[in-house]
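Asks: The following block contains a protein sequence and its predicted model.
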Amino acid sequence: MLVLGLPGDPSATLGELERALKGAHWPSLALVLLTPRPGERRRYAALVLGARETLLSHPAFGPGYGEEGARALFELVRLFIERGARGVYEAGLSPGLVAALLSGEARLVSRVKSAKNPLDYRRLLLKLSTTS
């Protein structure tokens with residue numbers, strides 16, 4: 001598993017994810033937005049499944065990181081939808097599980113896969129476009 005980005009830095013983290021996904025086969029990819037506080041949809045890390053290597057970003061996306069974070073989340077989700085990814089999901093995890101994933105505990109990815117739920121990305125994009 002490759003951990004990308006900087007905690008709380010939306011632009012740098014989005015840029016690193018975009019570079020890591022160059023040449024990816026988008027229909028095999030899934031984006032899972034991870035929130036370390038179940039029920040709170042303001043701060044996200046991004047987990048990309050289906051790439052040659054599983055990609056995980058530091059938490060840096062969402063309105064909890066200001067206007068830049070909201071814009072980066074909008075761009076990230078839009079990128080996956082426009083490129084034809086197989087799905088966009090969300091998973092509310094404990095802060096400890098997110099920290100363990102970020103420290104390289106790749107074996108925990110299976111727990112994330114079972115905790116993910118489909119995300120209504122249209123609603124999210126609409127909300128983000130009206131808040132930024």
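Replies: Nice, thanks for sending it over. Bear in mind that the values here come from a model prediction, so they are computed numbers and not experimental data. Numbers count the residues shown, from 1 in each chain.
Asks: how about the helices in this protein?
Replies: 10-20, 66-82, 95-102, 109-115, 121-131 (DSSP state H).
Asks: got a list of what the residue positioned nearest the centre of the chain touches?
Replies: Geometric centre of the chain, nearest residue: residue 46, 1.9 Å, by CA atoms, centre = their mean. By CB atoms under 8 Å, 6 or more residues apart in numbering, the contact list for residue 46 reads 13, 17, 31-34, 55-57, 61, 76. Heads up, the C-betas are built off the backbone N, CA and C, glycines and all.
Asks: Okay, now the unreliable bits of the protein?
Replies: Residue ranges of the chain with pLDDT under 70: 38, 131-132.
Asks: which outside residues touch stretch 48-55?
Replies: By CB under 8 Å, 6+ apart, stretch 48-55 touches 1-2, 4, 17, 20-21, 24-25, 28-32, 46-47, 56, 86, 106, 109, 113.
Asks: hmm, back to that, quick one: which of the contacts of residue 46 has the most company?
Replies: Ranked by neighbour count (other CB atoms under 10 Å), these have residue 61 at the top, with 31 neighbours.
Asks: Can you name the residues bridging to it?
Replies: Under DSSP bridges, the beta-bridge partners of residue 61 are residue 44.
Asks: follow-up on the earlier one: with distance to residue 51 as new columns, can the helices of the chain be given to me in JSON lines?
Replies: Listed next are those as JSON lines, based on distance: least, CB to CB, whole Å:
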{"stretch": "helix 10-20", "distance to residue 51": "8"}
{"stretch": "helix 66-82", "distance to residue 51": "12"}
{"stretch": "helix 95-102", "distance to residue 51": "16"}
{"stretch": "helix 109-115", "distance to residue 51": "12"}
{"stretch": "helix 121-131", "distance to residue 51": "19"}
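Asks: Residue 42: which of those is closest?
Replies: Residue 42 lies closest to helix 66-82 among these, at 8.5 Å (CB to CB).
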